[in-house]
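In: Build the 3D model from these lines:
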Amino acid sequence: MSTVPRTPDQQLTRADGSPIRVLAVDDESSLTELLSMAMRYEGWDVTTAGSGSDAVRLAREVRPDAVVLDMMLPDFDGLEVMRRIREDEPRTPVIFLTAKDALTDRIGGLTAGGDDYVTKPFSLEELIARLRGLLRRTGATTANPDSVLVVGDLRLDEDSHEVTRGGDEIHLTATEFELLRYLMRNPRRVLSKAQILDRVWNYDFGGQSNVVELYISYLRKKIDADRPAMIHTMRGAGYVLKPA
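Out: Next up is the predicted model:
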């Protein structure tokens, strides 16, 4: 694992100008010390925890903009930690850390609601780069002034992360939000599963596209439930979003 963080090309801050807040959770204190060093070099506020119970408690106190979360903890696993954190903050983005490197494990962590996945050993440069990308995608940083996307009666505010359809508020996880944003930035355009994997998750799964199918189904249940459909499957080609 690299111990020298890269030089930040541009310091990211929260929309109000305050430092980004990150919660790093791992039972290896040497690792959380390295993570803290790298993130503080970025100008971020870092809180660390060595157990799942501490992570849940601290998340309620500091309200982190992102969580770096080990899958294996001494009291309960990372999936349970994420579930409890998201009971209070449903949109909190999570990057999982794990020693497991099997493709099915990566997909399992993401389909359970994680936003990214890094296997040990990893470079700090890679982790920080993924965190920066995730923070930008999920709106923790200052947003583009032209932050409202509208397709038909569907409205998405990239700054506040508010999503409504026909005036009704829709609650999305960070990954669901990013997937919908990508679809709404490309209305009436057929997007392949490979394109969606590359844009929303930043890497592919060796041809495993079921994570896309799963999140499309999540979105449909929230966006199209009891309404005329906006998300359509183009057999053999991909997905398209268009006004109902």
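In: Next one, pLDDT for Ala143 please.
Out: Per-residue pLDDT puts Ala143 at 44.
In: er, Glu126 I mean
Out: 80.
In: Make sure it is indeed in a strand.
Out: No. The assignment for Glu126, made by DSSP: H, G, I helix; E, B strand; the rest coil, is helix rather than a strand.
In: Which element, helix or strand, includes the residue nearest to it when sequence neighbours are not counted?
Out: Using C-beta to C-beta, 6 or more residues apart in numbering and skipping residues adjacent in sequence, the residue nearest Glu126 is Val118, 6.9 Å away. All C-beta atoms are positioned from the backbone trio N, CA, C, and that covers glycine. Val118 belongs to strand 116-119 when assigned by DSSP states H and E.
In: contacting residues around Thr164?
Out: For Thr164, the contacting residues are 154-155, 170, by C-beta atoms under 8 Å, 6 or more residues apart in numbering.
In: I meant to write Arg181 there.
Out: Going by C-beta under 8 Å, 6+ apart, the list of residues near Arg181 reads 149, 156, 158.
In: same question, Arg60
Out: Taking C-beta under 8 Å, 6+ apart as the criterion, Arg60 is in contact with Asp88.
In: Please, where are all the strands along the protein?
Out: In the chain, the strands defined using DSSP state E lie at 21-25, 45-49, 66-70, 94-98, 116-119, 148-151, 154-157, 163-165, 168-170, 231-234, 238-241.
In: Closest to the centroid, which residue in the chain?
Out: Asp115 (3.4 Å; C-alpha atoms, centre = their mean).
In: what's the nearest residue to that one if we skip its chain neighbours?
Out: Nearest to Asp115 is Pro93, by C-beta to C-beta, 6+ apart, at 4.5 Å.
In: these two touch, right, the one you found and Leu69?
Out: No. The criterion here is C-beta atoms under 8 Å, and Pro93 misses it with Leu69 at 10.4 Å.
In: so where's the protein shaky on pLDDT?
Out: For the chain, residues meeting the criterion pLDDT under 70 lie at 1-11, 100-112, 138-146, 159, 202-209.
In: can you rerun that using 80?
Out: 1-12, 15-17, 98-113, 125, 133, 136-147, 158-160, 174, 198-209 (pLDDT under 80).
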